[in-house]
Each structure stands twice: as structure tokens, then as C-alpha cells.
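**Student:** Below are the sequence and a predicted model; questions follow.
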There are 2 protein chains.
Amino acid sequence: MDSRTVGILGGGQLGRMLVEAANRLNIKTVILDAPNSPAKQISNSTEHIDGSFTNANDIKELAKKCDVLTIEIEHIDVETLKELRVINPNLSIYPSPETIEIIQDKYIQKEHLIKNGLKVATSQAIETPNVDSLIKIGEEYGYPFVLKSRKFAYDGRGNFIVKDKDSIPTALEALKDRTLYAEKWAPFVKEFAVMIVRTIDGRVFSYPVVETIHQNSICHLCYAPARVPDSVQLKAKLMAENTIKSFPSCGIFGVEMFYLENGEILINEVAPRPHNSGHFSIDACITSQFEAHIRAILDLPIPKNFGSLTTTNTNAIMLNVLGAPDKNGELKTCERALATPGASVYLYGKESRPNRKVGHINIISSSMTECERKLQYIMGNTNEQFKVSVADRILQHSKKTPLVGIIMGSDSDLPVMSAACRILEQFEVPFEVTIVSAHRTPHRMSAYAIEASQRGIKTIIAGAGGAAHLPGMVAAMTALPVIGVPVKGSTLDGVDSLHSIVQMPRGVPVATVAINNSTNAALLAIRMLGIYDSTYLTKMQEFLLRQEEEVLEKAARLEDIGYDSYLNSK
Amino acid sequence: MDSRTVGILGGGQLGRMLVEAANRLNIKTVILDAPNSPAKQISNSTEHIDGSFTNANDIKELAKKCDVLTIEIEHIDVETLKELRVINPNLSIYPSPETIEIIQDKYIQKEHLIKNGLKVATSQAIETPNVDSLIKIGEEYGYPFVLKSRKFAYDGRGNFIVKDKDSIPTALEALKDRTLYAEKWAPFVKEFAVMIVRTIDGRVFSYPVVETIHQNSICHLCYAPARVPDSVQLKAKLMAENTIKSFPSCGIFGVEMFYLENGEILINEVAPRPHNSGHFSIDACITSQFEAHIRAILDLPIPKNFGSLTTTNTNAIMLNVLGAPDKNGELKTCERALATPGASVYLYGKESRPNRKVGHINIISSSMTECERKLQYIMGNTNEQFKVSVADRILQHSKKTPLVGIIMGSDSDLPVMSAACRILEQFEVPFEVTIVSAHRTPHRMSAYAIEASQRGIKTIIAGAGGAAHLPGMVAAMTALPVIGVPVKGSTLDGVDSLHSIVQMPRGVPVATVAINNSTNAALLAIRMLGIYDSTYLTKMQEFLLRQEEEVLEKAARLEDIGYDSYLNSK
């Protein structure tokens, strides 16, 4: 796609995934890092430099072999980059050394953000780190506050939460020999991250806002999109875009944020490179954060909505795979992921060591609840199997969380309603069935309607006769679709039930089916589930086909044997 | 993921994409092919063999370096594979040499398919190829018929369409020195292909049925899924699965098929390897055909529905990138693809030569029409730009793929049905609205019902009055949920419409709402979308809350000012 060679400072997993993206576009990459580092293993070049991205000579050697120089880690030697710009004016360096320099020192980064009108947690540089100066800060900020290393901090290393006055000496000891600053505690309820790509001509595009969950200060999970209202996501997205607009640079950036109890959002910090919180983009987005970076630094086209999730209904969870205490023990998790529909495994070609990031797993589904259910299985927290043998299927089926709730006003409705149960069984849809009477158990009915959605029920089938209030009342107390089955009583042929169910006032719909026809209620429920679950859509298509075939067979037989024999043979 | 090494015979683009999939799972690959072939360029190993996959010694050298041996091309030396099984019983070879052997000779392949009860075009082996024997065949099959090379045929090479008696000498000259067979012309209207993965324990899973379009006998485009009714897709899928069940082997297979004018489907041929028609799976499916192959031959887990499109509504078009007459001229096409939302570019690291397959482009969208629009731009056939400015966005938005289709039998229904439009606008649900009459435009109605799902529609609202057939007929021809609105006519107060819509027979449900109440139809549609899309669920919950507040306010006012003033103030 481009004949220029891209040099990458750093050959870890981020570099490896950059290389994969470059390979797809047939772009040559050369790497500076230790021999056989993850990125080098899969690169389409044999001219890599074995060395360190903090060593000036090694960087200069790499620069000789490439047209565009970029990074996968920001802890590199900025001075050499600036020097290189003088030595070889034709070499493009993205992100710019100035941007890396600002971001490298987190306190300078913070000052830069404030200068650009972005909200951050209150902080101050510490000129002379000692017990007295920290006690003063504790008095000013309150406890806990955070003592942070200005440079070379990542995955929690370089940060210390000062819980009270007594822990100050421990904090000082933990971060000795580092340049420090102190930050007021941000009472966050969630952490967000947004990947932003900035083009050479200064346009910025954002990926969806995600929610990161850390464990022992290492990214553990990432939910995409973040589980907050759209308005909050929009605010976070705009803040992240404004943040990156403030850096005269180019490429992919990760913006980490705090979402506070009071609804406020603060910028935490910025990474001038691909970021762990953007790995979901490999599966959930058309163009991954890695390809976005390659395109940006080579000035290749980037379409407008390149970062959108595949569909409005795509949800993703990313799980980091950390080395297990027993070497390669983490592969058990990966194996469970391979057995899980919608999950993909990425291993980085790194030796397994305890707590080392050796891979990640992306889980994709049309519903976040479904992603979470799969996550639980992959993490080994449930015994629920996704790799089921045909024999296990019937057993499994009844144990699954019900998707459809069948309720009826009285057990006298069961002969009619049982047809719905049979259809759901036939389609292998997990369901539950019970008696809920609007008139005799009104409180039970309210509870059922209100809790159904939280329990994972997707649609409710309600059967009732006479002055049939159950379907409409349940529909009034849930946002789920409710299907009403008019059950024929002893008088009026069921027209009373039909009109009681179908003639709902504007605002509260009940999906009404024919009198006594709970079969159709179940089929309708399955069509609803099929809107986003292709398994059910396919089954419904097969059902319609079978139904057609059955009638065609009967037609053939009637044509064959004549109406008289047909009638007699029935 | 697995410590075994996979050896691949052949290092072209199919091998390259197999290597990419193996890299992601950190599985080592070694390749036998010419130096620096596409697969070698990105492999995580340095132990490749430079040589030929038709050379016995080279194959044996490769076998020494691997635990599992596989192919990316079937034109390899089968005898050596059989020999290797004796030399090293620990070496796994997938697909099995016997399967490759059957498939290598297309006439033997055909006999195998017939023996297994699969429908193929009539054909016969030609023992003595000369004008006389071909004239006889022409008399038997009629013209045109196809003269085919039994071995080493691909991308149209080795096939000759004999148009009439006079072209027989040219045909014989074109295919001289080859073992031949003749095939009766299959009057196909479309060509299908299905990728099937077969596990070591004999289970088969299929990817969606696709439609391939050839140009000069080379695959040009691939539509996924094929643009035919679901029932046809299902039939093709089952035939493809049965085809691969007949081969005692393991790995990914491509099954090519003819779809005839009369609705019949014939198996054309089988490829025992990844296939050009499966490239869409890289972007449209969770697990690509390449990863599926790697997982199958290493006996790694494969989940049940691994091959499904990301969502039921994901549509894809794959465009092959062939070398342009001017070297690298094809990169202009790739550049337009990079500028197109939803398109991804894959280049194989091959030198650009005219008509050589050097890459492919995948286009993904929730609607096939959208895919085609993008394809036209990428192919340079339109000037339409996808790189839209912010100002264009509002315009774009209204053009979003509709999720709800509102149809009505007559424009006289519009005053009633417009309430549904307003609700959908209020909830920001993309929708379309049009007139479809069951009685006056029956063919338009069929087309609408059949195509709705493929176009990305999730649910259909149909309004009709009198002998209201529209909702029920549409429901009979789609697996989507259909909501019926009985429109009140001049007689019978709408009860005629209500009963016509609600009293559907068992098997085909219509979700019926109250007479003239299209508001509730729209609210029901939104509840259905909310089953998996939390945005709509949240909006519906807010709507119910607001509705409650409005009534509570009225109640407070009534209590406050009394019934008399309340009535007077209305």
C-alpha cells in the first residue's frame, strides 16, 4: 500500500499488533528491541535491530533503515529523536518528540492539559519529598491522596496511595529515587478510556468510549462501550477528542479518564500509542487501533466513521490474559475461550511468567449480558458449557436462564398455554412457566413484571380469559415486549378476552395473537429473539420451510388420490 | 496455544493468511515454497524450506520440521504424503492424502460425489480425445458443453467451453497433452460457494452460503450471504455439509455449486483448503476460515456457531484485487477502499503483475445495498464520496439503514399510520415507510417480505383495513416479527380488520395492536429492539416513567382544583 518502511521503537505486544496491521497492507516494518521480541517474530523484514529503545545509537541505527519512525512505548530517548530530525530531515517521526516529551513527564502532561482547559485532578509537584512536605499535602488534599512518579510509571508501578499520615514513610520508601508529584484523590466510580486517532492534517476520530476495570493496578477487563448512558459517553468522547487536539502530533492515542460520583469526568492520563483498552477494536471495529495508527502515520486514507462498532448492537469485553503461577497455566483460560462462540484469542509469543501480559481475549456479542455470561465461563467461574454435545443439549437447555416467561391468570388456562411451552421446547428456547393472576395476586404480578427484565427475561407471554387484564397490566410495568393470548371462556367465544387484551390505550402496547392460539405467541416470541440472535432466525426460517413442505406433501397426496379417498383416509 | 509446529505445502496468499491466524494463537508455522513467498514473509519461524510442493525431497524435508502437515494448494505430490505416513507415523497429515487424491482428479472427484448421492452435472471421461469423439459428445449433450482437464485446473485454466461443432479443433488444441473429460452445460443463474470446516472427530460446520461472480474465469466478487431466499441458502448449506461429510478428512473445505434456472443445485467442485470465496470471513465472521483450519487440524476447540456472520444482519462483499496493466495501478482501488467506511484492504506481498491476484477488499455493512454502493465507489464507478464532512452528517443520519419498515395497504391508511412514524422519530429509530398492497400489488408485497431481513429491517409494522391481509401475508413470507395495525374502515368499526389480522392460523403469528392504534405498534417495535439494544430499552423505560409523571401531574391538578374547574379548564 506504501513503499515506505516503518521503524518501531519497542517490539512488545503493541508492536506485534502494529506489525500484523502493517503486514495486511503489505507495509514493511523494522523493529528495535531485544532479539526475537514479539513484534519481530511476525514482521515481514529481516533487518531488525537488536538493542534498546533507550539507547541513542540503537535508535540512530533503526532510523537509517526507515522512512517513518514511530513508537509502541513512550519511555524512549526523546533527545535522540530531536537530534535525528536534524540529521535526517526526510525522516518522519510520529508522534512528535515534543508530544512524547510532554507525555513522558506526567506532571508536565497535567500542566499541559490544564493550560488547554481540560479538567484533571488537583495535583502539585513535590520539590523536596519528605515526611513534612507530605503531611502538608495530606492536610491540604485530605486522605487518601496519591503519590506519583513523574516518569516511567506504568501498570500501577510508580504510584502509591497514601491512606493516612502513618503510611507516608512507606510511600516515600516505595518511590525513593524518583521525581514525584502528589494528586488529590479522585472519587471515581468508573474508569473510562477512549482511543483517538489524529491524522497528519490534525483531524481527530474517536473509537467508542470504554470502561476499564483494573486488578492489582493492571488492566483486567475492558467493556466496550462503557456501561453508562449515551450522554455520558458523548461527554467523555468530546473530552478525549479535545485532549488529543491539544497535541500537535499524529497517530493513535489512548486517553484515560475518571468518571466521578457527581457525574464529572476528569482526564487521568494520555498514552501516545496503541493502548490496552483499545484491543477490543480488533474484533469489534472494522479498523483496529493498530491499523488506524499505521494509516495515520503514513497519511493513508481514514474514513469518517472508521472506529464505530461493527453494528449499533455490537458489545465487546476484552479480558487480559496474564501468566498463571504455573507456567502456561493461563492457556486453560484460552482454551475455554476457543470453545466459546464469539470469543477470539490473541497470544503475543511471550514466555509465560506470573502476572505478565501474554495475551488477550475479545468477546463479542449483540448483548453485554451475553458477553458477561461468556466471560464468566472463560474465566472458569461457571460450569456452564458452550461446547455442548448433542446429547447434553436437552439437559443444558432446561437449566439455562429463561429468555421467555409464560404466565397465565389461572391453571385452567394451562391446556391452552401448554402449546406455547411445546413450541419453545421444540426451538430449544429456555423459558419458565407460572401462574400470575392480575385480579387475585396483584402484588405478585407487579413483582413479576418489574423483575423480569433484570432476571434476563426478554419477552413475556401472558394468557388470560374474560376481562383479561394480565397482559396489559404486565405491559404497563415493564419495558419488555408482552405477548397476549386471549383464552376462550365459557361465554362470548373469547371475543371478551380478545378485546380486553388488544384494545390497550395509546402508550402501552400488547402484541395480541389469535384466540387460544398460544402456539403463535411462542412463534412470535422466537421471531423477536431472532431479531439479533441468528440461531433463532435460522430455526424460524427452517420452521417456515418445513411448514411449507408439509402442506405441499398434503397437496400432492390430495392430487394423487382424489378428494374422496383423501377424506376417507384421514 | 499449542506447541506443535504446522508445516504448510505452498506459501501463496492462502498460506499467508493461514500464517496470520497461526501467529495470533502463537502457533509456529514452516512453509515449503519459493524463497520469500507471501506466507514466509510474515511467519514466526526462520526454518522454511525453499523448494517446490511437487518435489518429493522438499516435502520430506519440510515434514522433518513439523508435527502437523497441511496444504494451501491441492496440486501437490500425494504419493510422497502417503510415503511420509509410513516413514513417520507420528506426523499428522490434514487433509488426508486420499482426500487430496480424489479431489485432484476432477473426474474421480465427480464419481465420488455421485457415489455419495450428490447431484452433479452429467459428465464423461474422454479416453481418446479427437474430433470424432467430441462430435459424438456434442450430439449427446448439445452445445455448449464444457471440455475440462481432469487435473491441475484452476481459475479457468484447463477449461474450454465448446460452443459448437466448429470450435472442437480449437478446444482440442487448447487442452492438448491433458487428460480430459466432458461436462454437460449446467444452465446456472448463479454460482454459490460454502466453506465447511470438518473436525478431526468428523463434525462439520458451515459458513454462510455465498454467491461468487467470475470475470474471465477468475473470482471477481463474492456476496455473503448469497442474494437468494433463505430456503435456497439452507438447501445449499445442507448439500455442502453432506459433500464434506463424504470425505474422511479434516480442515477447511470450499464447496462450489451451480444454482440452476429450475431451482436445482448441483455440486461443481470441492477445494480441500481455504478458498477465495471464504475471504469475507476475516471481517464478517468471528473466526475466519483460516483460523478455523488451524483450529481443526490441531484439534483445538471450535464452538458451535463459530462461522455465523457477526450478526444476523451483517452483509459482506469481497472484491479481489488483481494486478493492473500498469504496475501497482491496482493500489488506486485499494486507496479508495481505505477511504470507505466498513472496507478493509488485504495485500499479499506479491509483485504486481497484470491479472495476478495480489490482494482482496472486504466490505461490511448491515445492508447489502449499502455494500454495493460502497463497492461501486471502490471500483471507481461513482464519484460519490464517503469521506463526509461534519456538516453532511445530519443528512447522513436520516439516511441510516432503517430498522423498522412501516407498510400500509393504501395511502388512505397514512393518517392512522403516521402516528407510528412520529413515535419512531421521537425515539430516534431509523425507519422507512411505504405503500404495499396485498391485493393490488401482491408481487411487490412478496419481494418486500422476502428482502426485508437482508436489507437490515428488524421488524415490520403493517397497517390494513377491511379484509386486512397485508400483515398476515407478510408474516407468512418472513421470519421477522410482524406487527399488525387494524385500520378502521367505513363499516363494522374496524372489527373486520381486527379479526382479519389477529385470527391468524397456527404457525404464522401477527402481533396485533388495538384498532387504529399505530402508536402502540411503534412502541411495541421499540420494545422488541430493546430486547438486545440497551439504548432502546433505556429510552422505553424513560418513556414509561414520563407517561406516569404526566398522569400524576394531572391527578394532582384534579385533586387541587376539583372536578368542575378541571372540566372547565380543559
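**Tutor:** Perfect, thanks for sending it.
**Student:** what's the pLDDT at the closest residue to chain B within the stretch 51-200 of chain A?
**Tutor:** Nearest residue of the stretch 51-200 of chain A to chain B: A:T199, at 11.2 Å (CB to the nearest CB). From N, CA and C alone the C-beta is placed, and that goes for glycine too. You'll see A:T199 listed with a pLDDT of 94.
**Student:** before we move on, what about the one 3 residues further on?
**Tutor:** At A:G202 the predicted local confidence, pLDDT, stands at 91.
**Student:** list the contacts for it?
**Tutor:** Residues in contact with A:G202 (CB atoms under 8 Å, 6 or more residues apart in numbering or on different chains) are A:245, A:248.
**Student:** Please repeat the previous calculation with a cut-off of 10 Å.
**Tutor:** By CB atoms under 10 Å, 6 or more residues apart in numbering or on different chains, the residues touching A:G202 are A:244-245, A:248-250.
**Student:** Which pair of the residues you listed spans the longest distance?
**Tutor:** For these, the maximum inter-member distance is 12.2 Å, found between A:K245 and A:C250 (CB to CB).
**Student:** Check whether the residue of the stretch 51-200 of chain A closest to chain B really touches A:G251, as I assumed.
**Tutor:** Yes. The pair A:T199 and A:G251 passes the contact test of CB atoms under 10 Å, sitting 9.1 Å apart.
**Student:** what touches both of these two?
**Tutor:** Shared contacts of A:T199 and A:G251 (CB under 10 Å, 6+ apart): A:292, A:295-297.
**Student:** got any residues that touch both of A:K245 and A:C250?
**Tutor:** Counting by CB under 10 Å, 6+ apart, the contacts common to A:K245 and A:C250 are A:198, A:202.
**Student:** and the stretch 1-150 of chain A, which of its residues are near chain B?
**Tutor:** By CB under 10 Å from any CB of the partner chain, the residues of the stretch 1-150 of chain A that approach chain B are A:1-3, A:16-17, A:19-20, A:22-28, A:36, A:38, A:40-46.
**Student:** Inside helices: which ones of the residues you listed?
**Tutor:** Secondary structure assignment by DSSP state H places A:16-17, A:19-20, A:22-24, A:38, A:40-41 of the residues of the stretch 1-150 of chain A next to chain B in helices.
**Student:** Tell me which of A:K245 and A:C250 has more neighbours.
**Tutor:** A:C250 (25 against 14; other CB atoms under 10 Å in any protein chain shown).
**Student:** Tell me which residues touch the more buried one, please.
**Tutor:** Applying CB under 10 Å, 6+ apart, we find A:C250 in contact with A:70, A:92-96, A:99, A:197-202, A:272, A:293, A:296-299.
**Student:** nearest spatial neighbour of it, skipping sequence neighbours?
**Tutor:** What sits nearest to A:C250 in space, not counting adjacent residues and going by CB to CB, 6 or more residues apart in numbering or on different chains, is A:Y94, at 4.4 Å.
**Student:** Ramachandran coordinates for the one you found?
**Tutor:** Main-chain torsions, A:Y94, degrees, to the nearest 10: phi -130, psi 130.
**Student:** How many neighbouring residues does it have?
**Tutor:** By the criterion of other CB under 10 Å, A:Y94 has 23 neighbours.
**Student:** And for A:A447?
**Tutor:** Neighbourhood size, A:A447 [other CB under 10 Å]: 13.
**Student:** roughly how far apart are it and chain B?
**Tutor:** Per CB to the nearest CB, to the nearest Å, A:A447 is found 17 Å from chain B.
**Student:** Wait, a helix at that residue?
**Tutor:** Yes. Per DSSP: H, G, I helix; E, B strand; the rest coil, A:A447 lies within a helix segment.
**Student:** residues contacting it?
**Tutor:** A:436, A:441, A:477.
**Student:** on that earlier part again, list the ones among the shared contacts of A:T199 and A:G251 that fall in helices.
**Tutor:** Taking DSSP H, the ones among the shared contacts of A:T199 and A:G251 that sit in helices are A:292, A:295-297.
**Student:** Which helix runs longest in chain A?
**Tutor:** Ordering each helix of chain A by length in residues (DSSP H) puts helix A:534-569 first.
**Student:** Do me a favour and average the pLDDT over that one.
**Tutor:** pLDDT averaged over helix A:534-569 gives 87.
**Student:** May I see the buried residues of that helix?
**Tutor:** Neighbour-count burial for helix A:534-569, with 16 or more other CB atoms under 10 Å in any protein chain shown as criterion, is recorded at A:534-541, A:543-545.
**Student:** and what of stretch A:27-44?
**Tutor:** For stretch A:27-44, a neighbour-count test (16+ other CB under 10 Å) marks A:27-33, A:37-44 as buried.
**Student:** Then stretch A:260-273?
**Tutor:** Neighbour-count burial for stretch A:260-273 flags A:260, A:265-273 (criterion: 16+ other CB under 10 Å).
**Student:** Dump those residues into a markdown table; add pLDDT as well.
**Tutor:** Putting those into a markdown table (pLDDT from 0 to 100) gives the following:
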| residue | pLDDT |
| --- | --- |
| A:L260 | 94 |
| A:I265 | 96 |
| A:L266 | 97 |
| A:I267 | 97 |
| A:N268 | 96 |
| A:E269 | 95 |
| A:V270 | 97 |
| A:A271 | 96 |
| A:P272 | 97 |
| A:R273 | 97 |
